[in-house]
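Trainee: Quick one, structure for this:
(one chain, ligands or ions: 2)
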Amino acid sequence: MADFFTLGIETSCDETAVAVVANGTRILSNVISSQVATHAKFGGVVPEMAAREHGEAILPVYQMALAEANVKLKDIGLVAATYGPGLIGCLLVGLSFAKGLALATGLPFVGVNHIEGHIYANILERTEVKLPLVCLTVSGGHTDLLYLEKWGSYRILGRTRDDAAGEAFDKVARVLGLGYPGGPEVEKIAKGAVADLEFAKIKGLNDTYDFSFSGLKTAVINYLNRERQQGKEIDQARVAASFQRLAIEQLVGKLKKAVVDYGVATVLLSGGVAANSYLREKCLQLTNDLGITLYYPPVKLCTDNAAMIGSAGYFKYLSTGGDALCLTANPNLHL
Ligand code: KG4
Ligand code: ZN
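Mentor: Ligands and ions are numbered 1, 2, ... in the order given. Alright, predicted model coming up:
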């Protein structure tokens, strides 16, 4: 059978990304134009500036994605774009571009949930992932623990009650004076450091699969303020390593509870924080102990990209036939 090419488009936050994916799993191109340099000086994404930059980058990134894949627009079978969650001005750029392409060519169009995209990053360049499974999705905006009996259908076991895991990494990095985005910076400085500070214990969530990170974040801030007031020198690496250990102990603890309660043989990690090597290591320890299988995407596919949108879009199209062009962007879209 001939290959079916999906054009994936992702502009929900600060990466302008376009990819060509064959049959929902094989990456032919995956172009990402990052705005990190623009936002780093503000310590976070500035929505208005992000939307403007998407507007400038989308056409050249699209042209590069076709060229790298060595395909023409006429070879494409489906246009898939993120329609939420994300920053409204940013979402509108990619979504409107996708709709314009579909309208001009008559190609089918499908809107993709960004979180669903992160999950599908796990089946890119892979076919063997078996259901049922438990998936931990950890990004800058979301922390969800999911049970999947079939692809495209999600039972939410737990989610964060306050900050997302990635958001906590970013905030702790900021108070430590590290760069943006904070997750990779915290990981880097924490490597090999003593992680013995205890900070706050999370209370009251023991019987649930829910998470909480704001208490831990506040405890880190209070610790730093106290130490600075007393004129003590801050051991940045020790603080970062201790925070990272506690955040990841919480993630892995809840993951273990879900995996044991649901008796699954497969575990997925997805989202930007899944790039964290300490999280990967701890999850691998867990799944090895239980004799089950762990999958996580390569680092480049954990953080925002359009190949994951092309994959999720392809499979959504197969099961639903796609979306009408009147689909609107939804900044608060849930799974
Ligand atoms: O999935 P993503 O690229 O964007 C969202 O959908 O939010 O995730 C970005 C988040 C940021 O908070 C970033 O600090 C975090 O993922 N992150 C990490 C690492 N790499 C990215 N957190 C911890 N360790 C990392 N290595
Ligand atoms: Zn994301």
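
Trainee: tell me the centre residue of this protein?
Mentor: Gly271 (2.5 Å; C-alpha atoms, centre = their mean).

Trainee: Surely Ala307 touches Leu301?
Mentor: Yes: the pair Ala307 / Leu301 is scored as a contact, 6.5 Å apart, by C-beta atoms under 8 Å. (C-beta placed from N, C-alpha, C; glycine too.)

Trainee: tell me, what's touching these two both at once?
Mentor: Common neighbours of Ala307 and Leu301, counting by C-beta atoms under 8 Å, 6 or more residues apart in numbering, are 30, 121, 124.

Trainee: circling back to that earlier point, out of Ala307 and Leu301, which sits in the busier spot?
Mentor: Ala307 (32 against 23; other C-beta atoms under 10 Å).

Trainee: Could you export the shared contacts of Ala307 and Leu301 as JSON lines, including neighbour count, secondary structure and pLDDT?
Mentor: Formatted as JSON lines, these follow (neighbours: other C-beta atoms under 10 Å; DSSP: H, G, I helix; E, B strand; the rest coil; pLDDT from 0 to 100):
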{"residue": "Asn30", "neighbour count": "22", "secondary structure": "strand", "pLDDT": "98"}
{"residue": "Ala121", "neighbour count": "29", "secondary structure": "helix", "pLDDT": "98"}
{"residue": "Leu124", "neighbour count": "21", "secondary structure": "coil", "pLDDT": "97"}
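
Trainee: Of those residues, which is the nearest to Gly192?
Mentor: Ala121 (28.7 Å; C-beta to C-beta).

Trainee: Test my guess that the closest one contacts Leu301.
Mentor: Yes: the criterion here is C-beta under 8 Å, and Ala121 meets it with Leu301 at 4.4 Å.

Trainee: so what sits against both of those two?
Mentor: The contact sets of Ala121 and Leu301 overlap at 307-308 (C-beta under 8 Å, 6+ apart).

Trainee: Now the element after the one helix or strand in the chain whose mean pLDDT sits lowest, going C-ward?
Mentor: In the chain, the helix or strand scored least confidently by mean pLDDT, DSSP states H and E is helix 36-40, which has a mean of 85. Using DSSP states H and E, the next helix or strand after helix 36-40 towards the C-terminus is helix 47-69.

Trainee: which residues make contact with that next one from outside it?
Mentor: With C-beta under 8 Å, 6+ apart as the test, helix 47-69 has contacts from 5, 7, 9, 11, 13-14, 16-20, 28-33, 35, 38-39, 72-73, 87-90, 92-94, 97, 306.

Trainee: Secondary structure element holding Tyr147?
Mentor: Assessed by DSSP H and E, Tyr147 sits inside strand 143-150.

Trainee: now do Ile9
Mentor: Taking DSSP H and E as the criterion, Ile9 maps to strand 5-10.

Trainee: after that strand comes which helix or strand?
Mentor: Next helix or strand after strand 5-10 toward the C-terminus (DSSP H and E): strand 15-22.

Trainee: Mind giving me the packing neighbours of that next one?
Mentor: With contacts defined as 3 or more C-beta pairs under 8 Å, 6 or more residues apart in numbering; DSSP states H and E, strand 15-22 has these neighbours: strand 5-10, strand 26-34, helix 47-69, helix 307-320.

Trainee: most packed of these?
Mentor: Highest mean neighbour count of those: strand 5-10, a mean of 29 (counted as mean count of other C-beta atoms under 10 Å).

Trainee: in its sheet, what does it sit against?
Mentor: The strands beside strand 5-10 in its sheet (DSSP bridges) come out as strand 15-22 (antiparallel), strand 76-84 (parallel).

Trainee: ok, and does that strand reach over to ligand 2?
Mentor: No: Strand 5-10 does not reach ligand 2 (C-beta under 5 Å from the ion); its nearest approach is 8.2 Å.

Trainee: Compute the inter-axis angle for that strand and strand 26-34.
Mentor: Angle, strand 5-10 to strand 26-34, by axes from the mean of the first three to the mean of the last three C-alpha atoms, to 10 degrees: 20 degrees.
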